[in-house]
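Q: Below is the sequence, then the predicted model.
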There are 2 protein chains.
Amino acid sequence: MSQHSGSEIDERSGPKTERGRRTLRKLLDAAGEEFGARGYHETAISHITTRAGVGLGTFYVYFKSKEEVFRALVADMGVRTRHALADAVKDAPNRLEAERLGIRAFLEFARANKSLYRVVMEAQFVAPEAYAAYYLVFSDAYRQQLSQAAARGEISKGDDEVRVWALMGASTFLGLKYGLWENDADVDAVSEAAADLMINGLAPRVKNGDAT
Amino acid sequence: MSQHSGSEIDERSGPKTERGRRTLRKLLDAAGEEFGARGYHETAISHITTRAGVGLGTFYVYFKSKEEVFRALVADMGVRTRHALADAVKDAPNRLEAERLGIRAFLEFARANKSLYRVVMEAQFVAPEAYAAYYLVFSDAYRQQLSQAAARGEISKGDDEVRVWALMGASTFLGLKYGLWENDADVDAVSEAAADLMINGLAPRVKNGDAT
């Protein structure tokens, strides 16, 4: 999960050569490590270039500033997170099963990408519009999936915008607690307990006087 | 909600006189406004004392440093948030109804206390141990409430630690989206939609072959 090919970088506006894409990837990976470990304010561009093994001049071929590489990193992390989740749920037979697999994949992703998790959180303060975009892009796709699943009867009908934000929040906090803080937590058990809560929250409603 | 008496400050270690408690309250409220508006790094102690209308010397009677007032503010916000929620749910007849009232109260609290919300989020980077303590204190009390409710049969049995973190995350993200970003969102409608998701996630399970 922490190694990536250049294929995840937007090819329309990105470098035109394979070598250029590799250099950009090295810079983004190095930026993720440095920003994640030191925080934005303590990170210098020279930390990033040293870790990436490139010269300072090379950095400026790709980015104008520390802020610009930070924003590019947040966008890149959004792409990587969405790819990881889409890959994990691609064989799910229905939406509830996709939720179960998605929670588990997110916890594993957070644990394997601790630096990246911290970068997105810090983006709230360093690059608020990049932070908002990260969740808006994610929530748009997620909302469509819930709407389509509700239309198929796989989940109850409801306010999908509200449900998406509640579900993203739940996963984010579980990622913080069990992905970052508690390394020894059993990801399977946590995922099942969380899926139980979320899946019953989304499941088609059984009409029954006993249920409050 | 934005005006507070000194009574919410811990009286064991806090100022001994009513006047001292009022000054401390003024400093904390001013710190909340300044840190919330400028962020930690851009805030100077003189910003806080100017807004509070006290001299710099007075500040140092109460706090050693900018970091110390920030940590005290995060702890104070935890107390205020818990009081607001406890007050909102105190007449709830059962846990599911308490969840419904709690979500609504949290959204209203986030909207009325935008600065404070931002301070807690920034604490992740500025004072990570204060951030962790904020959620650990909150989650301990919440977990006990779920355990007791499960013992009474008001909610399903489950892993209460996982459920608490999922529910705190859901509320936090809904607070961000509908409390801070979308001022014109209908808090009632959002609360009902969120409560529907969470309450069905927590409700006693109806045994039925139709439910996946």
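A: Ah, there it is.
Q: same for whichever strand or helix holds A:Arg100, what does it pack against?
A: According to DSSP states H and E, A:Arg100 maps onto helix A:95-112. Helices and strands touching helix A:95-112, by 3 or more CB pairs under 8 Å, 6 or more residues apart in numbering or on different chains; DSSP states H and E, are helix A:66-89, helix A:128-151, helix A:160-174, helix A:187-202. From N, CA and C alone the C-beta is placed, and that goes for glycine too.
Q: which of those helices is buried the deepest?
A: Neighbour counts (mean count of other CB atoms under 10 Å in any protein chain shown) averaged over each of the helices and strands packed on helix A:95-112 peak at helix A:160-174, with a mean of 24.
Q: now the angle between helix B:160-174 and it, please.
A: 130 degrees (axes from the mean of the first three to the mean of the last three CA atoms, to 10 degrees).
Q: Could you give the average pLDDT over helix A:160-174?
A: Helix A:160-174 carries an average pLDDT of 94.
Q: For it, what is the distance to the chain centroid?
A: 13 Å (CA atoms, centre = their mean, to the nearest Å).
Q: and the angle for it with helix A:95-112?
A: 40 degrees.
Q: about what we covered before: report the mean confidence score over the helix holding A:Arg100.
A: 91.
Q: cool, and stretch A:20-35?
A: Rounded mean pLDDT across stretch A:20-35 is 96.
Q: Could you list the alpha-carbon positions for that stretch in CSV?
A: Coordinates of the C-alpha atoms in stretch A:20-35 are reproduced here as CSV (Å, rounded to 0.1, in the frame of the first residue of the first chain):
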residue,chain,number,x,y,z
GLY,A,20,9.0,12.5,-14.7
ARG,A,21,6.1,10.6,-13.1
ARG,A,22,8.6,8.5,-11.0
THR,A,23,10.3,11.7,-9.7
LEU,A,24,6.9,13.2,-8.9
ARG,A,25,5.9,10.0,-7.1
LYS,A,26,9.2,10.1,-5.1
LEU,A,27,8.6,13.7,-4.1
LEU,A,28,5.0,13.0,-3.0
ASP,A,29,6.0,9.9,-1.0
ALA,A,30,8.9,11.9,0.7
ALA,A,31,6.5,14.8,1.4
GLY,A,32,4.1,12.3,3.0
GLU,A,33,6.8,10.9,5.3
GLU,A,34,8.2,14.3,6.3
PHE,A,35,4.9,16.2,6.8
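Q: Is there proximity between it and chain B?
A: No. Between stretch A:20-35 and chain B, judged by CB under 8 Å from any CB of the partner chain, nothing touches; the nearest distance is 11.1 Å.
Q: List the buried residues for that stretch?
A: A:21, A:23-35 (16 or more other CB atoms under 10 Å in any protein chain shown).
Q: still on that earlier bit, so what touches the helix holding A:Arg100?
A: For helix A:95-112, contacts defined as CB atoms under 8 Å, 6 or more residues apart in numbering or on different chains pick out A:1-2, A:81, A:84-85, A:87-89, A:92, A:117, A:145-146, A:149, A:152, A:154-155, A:167, A:171, A:174-176, A:178-180, A:183, A:187-188, A:190-192, A:194-195, A:198-199, A:202-203, B:212.
Q: In a markdown table, list the buried residues of stretch A:20-35 along with secondary structure.
A: Shown next, in a markdown table, are the buried residues of stretch A:20-35 (DSSP: H, G, I helix; E, B strand; the rest coil):
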| residue | secondary structure |
| --- | --- |
| A:Arg21 | helix |
| A:Thr23 | helix |
| A:Leu24 | helix |
| A:Arg25 | helix |
| A:Lys26 | helix |
| A:Leu27 | helix |
| A:Leu28 | helix |
| A:Asp29 | helix |
| A:Ala30 | helix |
| A:Ala31 | helix |
| A:Gly32 | helix |
| A:Glu33 | helix |
| A:Glu34 | helix |
| A:Phe35 | helix |
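Q: For the residue nearest to the spatial centre of chain A, which non-adjacent residue is spatially closest?
A: Most central in chain A under CA atoms, centre = their mean is A:Thr81, positioned 3.4 Å from the mean C-alpha point. Among residues not flanking A:Thr81 along the chain, A:Phe109 sits closest, at 6.3 Å (CB to CB, 6 or more residues apart in numbering or on different chains).
Q: thinking A:Lys114 is in contact with A:Glu33, fair?
A: No. The criterion here is CB atoms under 8 Å, and A:Lys114 misses it with A:Glu33 at 10.3 Å.
Q: Name the residues of stretch A:92-100 that come out as buried.
A: A:95-100.
Q: Tell me the one of those residues nearest chain B?
A: Distance to chain B across those (CB to the nearest CB) is lowest for A:Leu96, with 5.2 Å.
Q: about what we covered before: biggest separation within the buried residues of stretch A:92-100, which pair?
A: A:Arg95 and A:Arg100 (9.9 Å; CB to CB).
Q: Need the contact partners of the helix or strand of chain A with the lowest mean pLDDT.
A: Within chain A, no helix or strand scores below helix A:187-202, which has a mean of 86 by mean pLDDT, DSSP states H and E. Contact with helix A:187-202 is made by A:95-96, A:99-100, A:103-104, A:107-108, A:111, A:146, A:155-156, A:158, A:163, A:167, A:170-171, A:174, A:178, B:156, B:158-159, B:162-163, B:166-167, B:196-203, B:205, B:212, as judged by CB under 8 Å, 6+ apart.
Q: can you rerun that using 6 Å?
A: A:96, A:99-100, A:103-104, A:107, A:155, A:174, A:178, B:158-159, B:162-163, B:166, B:197, B:200-201 (CB atoms under 6 Å, 6 or more residues apart in numbering or on different chains).
Q: One more: stretch A:40-56?
A: Residues from elsewhere that reach stretch A:40-56, judged by CB under 6 Å, 6+ apart: A:26-27, A:30-31, A:34-35, A:59, A:66, A:122, A:126.
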